[in-house]
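In: The following block contains a protein sequence and its predicted model.
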Amino acid sequence: MFVIIAIVQIYIKNTVGAVALTRFKPCVTIYIGILPVKIYPRKCNILSDEEVATLMKISKVGVVGCGQMGGGIAQVCAQAGYTVVVSEISDEFLNKGLAAIESSLDRSVQKERITQEDRDATLARIRGTTDTRDFGECDLVIEAAVENLDLKKKIFGEMDKVCPERTILATNTSCLPITDMAAATGRPDRVLGMHFFNPVPVMKLLEIIRTTATSEATLDTARDFGESLGKTYVIVQDSPGFIVNRLVTPQIMNAIRMVESGIATAKDIDTAMALGLNYPMGPLALADLIGLDTVLFIVNGIYDKLRDEQYAAPALLKDMVAAGQLGRKTGKGFYEYNQ
C-alpha cells in the first residue's frame, strides 16, 4: 500500500501538463496486486490549442455589467460589427446603461464622427438583459462588474455553467488576480484579462493579461479581437496592477499626499505635471476622471498583494470616497464639475 501511494503522488506531481491535453482520458494505470486500476485526471474541460483554434470564431459577445466600463465595451463591440448581449442586475441599472450608450452615440453623430445610420445599426446590435442564461450562445464574455473578487469569481462560475465549452471568459478588472477567477471555472485555459481604459470608445489601449493556464489559442483570439475593435494591445502576465496601474497609481498617491500635506494645490500639481512632462492632464485630474472610488479599489488591491507602501491609500483619498466626492461622476473630486 505504501508503494501505491508513492506512485500516485509522483503521478500527480509530474503530469499536470499532460492532464490539460487528455480531456478526461485515463493517464496512468497502477496495479494493486494483479488488478489494474486506472487513474483519471480531475475533470477540468481543458481543450488542446488545436481543438480550441477550430472553435474560436467570435461573432457574439456578452458583457456582464452596463456601467461606465461595461457600457463602453458593449458600444465598441457593437460598433465593430459584433452582436452584443449586455447584462445588469436590475432593469433600472440596465436602462440607465443603455441610455448612456445611446447618448454617447448621439454625441458622435453630432460631432460627425459617425453617421445616423451607423448609430442606428450599432444600437440594433445591442440587446440588454437581466438573465444570465442569455449568454448561452456567446463566443466571448467580458465581465465588467465592480472590483470585488468574490463577486467576480461568482460571475465566472455562473458563466462557466451557462456558456458553451468553446466560449472565452474575460475580465475587465484593473488590478484583481485573474488566476483566482479562472479557478472558479472548468476552463482555465480559456480565461484571461482584457483591460479596457476609460472612456472605452476613445482610449486606444487594451491590456491583455494572461495567466499561467491561458492557452496560446485563447491569447491569439484575444489579440485578433482587440485589433478588430481598433485597439492597440499589450501583453502582460497576471500580476498586481498589470502595466498601467502598477506604474501610474504611485504617482497619483504621491500627488494626493502632496495636497494632503499642503505642499501644493491640486491645480498647481496638475499644471506642473501637464506642462513639465507634456501629459494631457495631471494625476489628480486623471484620478477624478477614473473615479476616486475606483482608484481606491485599485490601490487597495495592489497593496494587499505587494504590501508596498507606495500603494498605500492616503487618508485624504479614503475621506473623499467616504464623503461621496468621487470625481467627475459625482460632480466633485479634486475639482468641481458642472453636471
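Out: Thanks, I have the structure now. Numbers count the residues shown, from 1 in each chain.
In: domain parsing for the chain?
Out: As given by automatic domain parsing, the domain ranges for the chain are 4-45, 60-237, 245-330.
In: Please identify the most buried of those domains.
Out: For the domains of the chain, the largest average neighbour count (mean count of other CB atoms under 10 Å) is found in domain 60-237, namely a mean of 19. From N, CA and C alone the C-beta is placed, and that goes for glycine too.
In: Secondary structure element holding Gly128?
Out: strand 126-129 (DSSP states H and E).
In: That strand: what's the following helix or strand?
Out: strand 140-143.
In: Tell me the strands beside that following strand, with direction?
Out: strand 60-64 (parallel), strand 168-171 (parallel) (DSSP bridges).
In: which residues of the stretch 51-200 of the chain score low on pLDDT?
Out: 51-56 (pLDDT under 70).
In: residue boundaries of the helices in it?
Out: For the stretch 51-200 of the chain, applying DSSP state H, counting those that start in this stretch gives helices covering 68-79, 91-110, 116-124, 149-162, 178-182.
In: could the domains of the chain go into a markdown table alongside distance to Tyr337?
Out: What follows is these, written out as a markdown table (distance: least, CB to CB, whole Å):
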| stretch | distance to Tyr337 |
| --- | --- |
| domain 4-45 | 47 |
| domain 60-237 | 15 |
| domain 245-330 | 5 |
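In: now for these, which one comes closest to Glu336?
Out: Closest to Glu336 of the domains of the chain is domain 245-330 (CB to CB; 9.5 Å).
In: on that earlier part again, a markdown table for the helices of the stretch 51-200 of the chain, including distance to Val234?
Out: Below are the helices of the stretch 51-200 of the chain laid out as a markdown table (distance: least, CB to CB, whole Å):
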| stretch | distance to Val234 |
| --- | --- |
| helix 68-79 | 17 |
| helix 91-110 | 25 |
| helix 116-124 | 27 |
| helix 149-162 | 22 |
| helix 178-182 | 15 |
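In: out of those, nearest to Gly291?
Out: With CB to CB as the criterion, Gly291 lies closest to helix 68-79 of the helices of the stretch 51-200 of the chain, at 7.7 Å.
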